[in-house]
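In: sequence and predicted structure, then a few things I'm wondering about:
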Amino acid sequence: MNILEFHHKLKNQEVSAEDTIASYFGVIKNENLKLNAFLETFSASNGEYDTLSEAQKIDERIKKGEEPGMLCGVPLAIKDNILIKGKRATAASKILENYIASYDATVIEKLKKAGAIFLGRTNMDEFAMGSSTENSAYGPAKNPFHPDYVPGGSSGGSAVAVSSKMAMAALGSDTGGSIRQPASFCGVVGLKPTYGAVSRSGVIAMASSLDQVGPIAQTVDDAEIIFNVIRGKDALDSTSMDELNFSSEILQHTKSVRTIGVPKEYFAEGLDSRIKSVIESIIQQLEKTYEIREIELPHTKYAIACYYIIVPAEVSSNMARFDGIRYGIREKGADLIDVYKKSRGNGLGLEVRRRILLGTYVLSHGYYDAYYARAQKVRMLIKNDFMKAFQDADVIIGPTSPTLPFKIGEKSDDPLAMYLSDIYTIPVNLAGVPAISIPVGSVREDGIDFPVGAQLIAPHFAENRLFEVGKVIEKLNL
Amino acid sequence: MISEIDIEHLKDLARVEFGELETGALIHDMSSILDYVATLKEANVENVPEMTHALDMQNIVRSDENIDFTNEVAKEKIDAIIKAFPEKDEAYLKVKAIF
């Protein structure tokens, strides 16, 4: 059951919120042991947030004749880097294993007001650093199509929860593809909104100039419903923005989508030929409705290099707060410096520490211009590519990931190989534009039909175009 | 190529420990990542400004308002923060001597 269907049934009192929540906890009980999507579920009434009494309150209000909102009673899974007051928030790290959030993230506050119910917090790569959910301190999440394969990451737990019906929808966060790539690997819809469209207040930061929270859902409609609830300017996030305050020549002529651009760089070497043919057949079908144009994004080849300078640089400063002093796990040490080093050494996983060290290196005196300043310039070139492309195309289409889900352990010893799997999603974050991954078919490997996702990209604050074309794609004969 | 001495210096700067085995792999992994990001040298960035933000936006200044920290809601927040201290003496955070 998706959000739209559930909403309809709840409104007509064909289902109750309480029974629905209970049935989801039933599925979690059966599936989670195998898939490790949830790090904790909120089924038992512990602390101030109790799913059962929230659901009962909603049922009583509906019985009294109140019209429920679109997200009323909707059971959601929340990525573990988004704070829910009174609940643990670990970002899948050991250093935060005892940390209890003292406030709600703005997105959580908005979802609570809308009547959504949080089933639990989901597994992820530690501090969102990874593309497979293998970097979790609490064990990897598994792909629901086959448990030997990764679900993608870093929002792997959220994507698995939606794909395996353990949640109706979920929240993830996306810094370089962390919503879209796991959505693609698990056969669900994942939206990375425009940078600034959704508040980051109460979201544990990874790379602040790129991080953005968004929905993982079963359908484009559902993703749109959640996005419309969580979006908007927030006084607690100075980088958040309302669409109305954004002036853009590109958006001046916002009408329905007519042209779709196909970047040749997204179909070049490195793309699995079977994924290529799935995406090409979608484009062929779209040709009946839209004008298809070949476009160029010539600086795509620099995107990953650019990203792996900017991200570690921001990580090294954002992670400085995790030192065992004010919260989290503190290790014993001979002096203060020793306490810092031991707490961080034991509390943070290898990938997190590796990025801290890389960031420290690229920002150090004498290297700043060669690395960070140059990367920020290349980032401008990548953004300009998109701005130019959107003069010829209303929306851009391509694959979400160059490969099918890989086996657990296959890339975990080679960080660079892992980084390269985000080639089509990273440029989008660097430019700050919105994109959505939509399941469009499958490719058979090792006797398993793995899902394939198509990525649609739109100009800043033109999420409406993603929803419009996304719904057309959902109706195609795949 | 990054050296073992560089790595040891970076560990001190970043205040983070690595095990012996981890350090060995680190030299290899950091070097291969740095070699890869060096491809940016090929990009022509002449006259290109540094991008500091995804969107063009104005600086935002919040109003200078006095926030009341004596009410019940604020007290609850403060208590939650104190409760999270790894070591404490009543409402004081305990740390090792700085000097």
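Out: Structure's in. What do you need? Numbering: from 1, shown residues only, chains lettered A, B, ... in the order given.

In: please make it C-alpha for all contacts and neighbour counts, starting now.
Out: Noted.

In: list the contacts of residue 40.
Out: All of this is about chain A. Contact analysis of A:Glu40 by C-alpha atoms under 8 Å, 6 or more residues apart in numbering or on different chains lists A:Gly120, A:Arg121, A:Thr122.

In: meant chain B actually
Out: The contact partners of B:Leu40, by C-alpha under 8 Å, 6+ apart, come to A:Tyr302, A:Ala305, A:Cys306, A:Arg374, A:Ala375, A:Val378.

In: now with 7 Å, please.
Out: Each residue near B:Leu40 by C-alpha atoms under 7 Å, 6 or more residues apart in numbering or on different chains is listed here: A:Tyr302, A:Ala305.

In: next, give phi and psi for it.
Out: B:Leu40 has phi and psi values of phi -60, psi -20 when expressed as degrees, to the nearest 10.

In: give me every residue in the stretch 101-250 of chain A lying close to chain B.
Out: A:Ser102, A:Tyr195, A:Ser209, A:Ser238 (C-alpha under 7 Å from any C-alpha of the partner chain).

In: helices or strands up against the longest helix along chain B?
Out: Ranked by number of residues, the top helix in chain B under DSSP state H is helix B:20-37. Contact partners of helix B:20-37 among helices and strands, from 3 or more C-alpha pairs under 7 Å, 6 or more residues apart in numbering or on different chains; DSSP states H and E: helix A:303-318.

In: not counting the helix it packs on itself, show me its contacts.
Out: Residues external to helix A:303-318 that are found in contact with it (C-alpha under 7 Å, 6+ apart): A:205-208, A:355-356, A:358-360, A:362-363, A:371-372, A:375, A:378-379, A:420, A:423, A:426-427, B:36-37, B:40.

In: just the buried residues of the residues you listed.
Out: Buried subset of these (neighbour count, 16 or more other C-alpha atoms under 10 Å in any protein chain shown): A:205-208, A:355-356, A:358-360, A:362-363, A:371-372, A:375, A:378-379, A:420, A:423, A:426-427, B:37, B:40.

In: would you mark the buried spots in the lowest-mean-pLDDT helix or strand in chain B?
Out: Lowest on mean pLDDT, DSSP states H and E among the helices and strands of chain B sits helix B:72-83, with a mean of 90. Buried residues in helix B:72-83, counted by 16+ other C-alpha under 10 Å: B:Lys77, B:Ala80, B:Ile81, B:Ile82, B:Lys83.

In: and of these, the nearest to A:Pro459?
Out: Distance to A:Pro459, by C-alpha to C-alpha, is smallest for B:Lys77 among those, at 39.6 Å.

In: gap between A:Pro140 and B:Thr70?
Out: Note on A:Pro140: its distance to B:Thr70, by C-alpha to C-alpha, to the nearest Å, is 44 Å.

In: and for A:Arg353?
Out: 40 Å.

In: likewise for A:Glu468?
Out: From A:Glu468 over to B:Thr70 (counting by C-alpha to C-alpha), the distance is 50 Å.

In: of these two, who's got more company?
Out: A:Glu468 (14 against 10; other C-alpha atoms under 10 Å in any protein chain shown).

In: look up phi and psi at the more buried one.
Out: Here is the backbone geometry of A:Glu468 (degrees, to the nearest 10): phi -60, psi -50.

In: residues in chain B within reach of chain A, list them.
Out: For chain B, the residues in contact with chain A (C-alpha under 7 Å from any C-alpha) are B:10-11, B:14-18, B:33, B:36-37, B:40, B:45, B:48-54, B:60, B:77, B:80-81, B:84-86, B:96-98.

In: the same query, at a cut-off of 6 Å, please.
Out: B:15-17, B:37, B:48-51, B:54, B:80, B:84-86, B:96 (C-alpha under 6 Å from any C-alpha of the partner chain).

In: returning to that earlier point: and which of the contacts of A:Glu40 is nearest to chain B?
Out: A:Arg121 (19.6 Å; C-alpha to the nearest C-alpha).

In: direction included, what does whichever strand or helix holds that closest one pair against?
Out: For A:Arg121, the element it lies in under DSSP states H and E is strand A:117-122. With DSSP bridges as the test, strand A:117-122 is paired with strand A:38-41 (antiparallel), strand A:75-79 (parallel).

In: residue ranges in chain B under the pLDDT threshold?
Out: B:58-59 (pLDDT under 70).

In: spatially central residue in it, please.
Out: B:Ala14 (9.0 Å; C-alpha atoms, centre = their mean).

In: what helix or strand does A:Ile436 sit in?
Out: Under the assignment here (DSSP H and E), A:Ile436 is part of strand A:435-445.

In: now the strands for the stretch 151-300 of chain A?
Out: A:169-174, A:189-192, A:212-217, A:259-263, A:291-295 (DSSP state E, counting those that start in this stretch).
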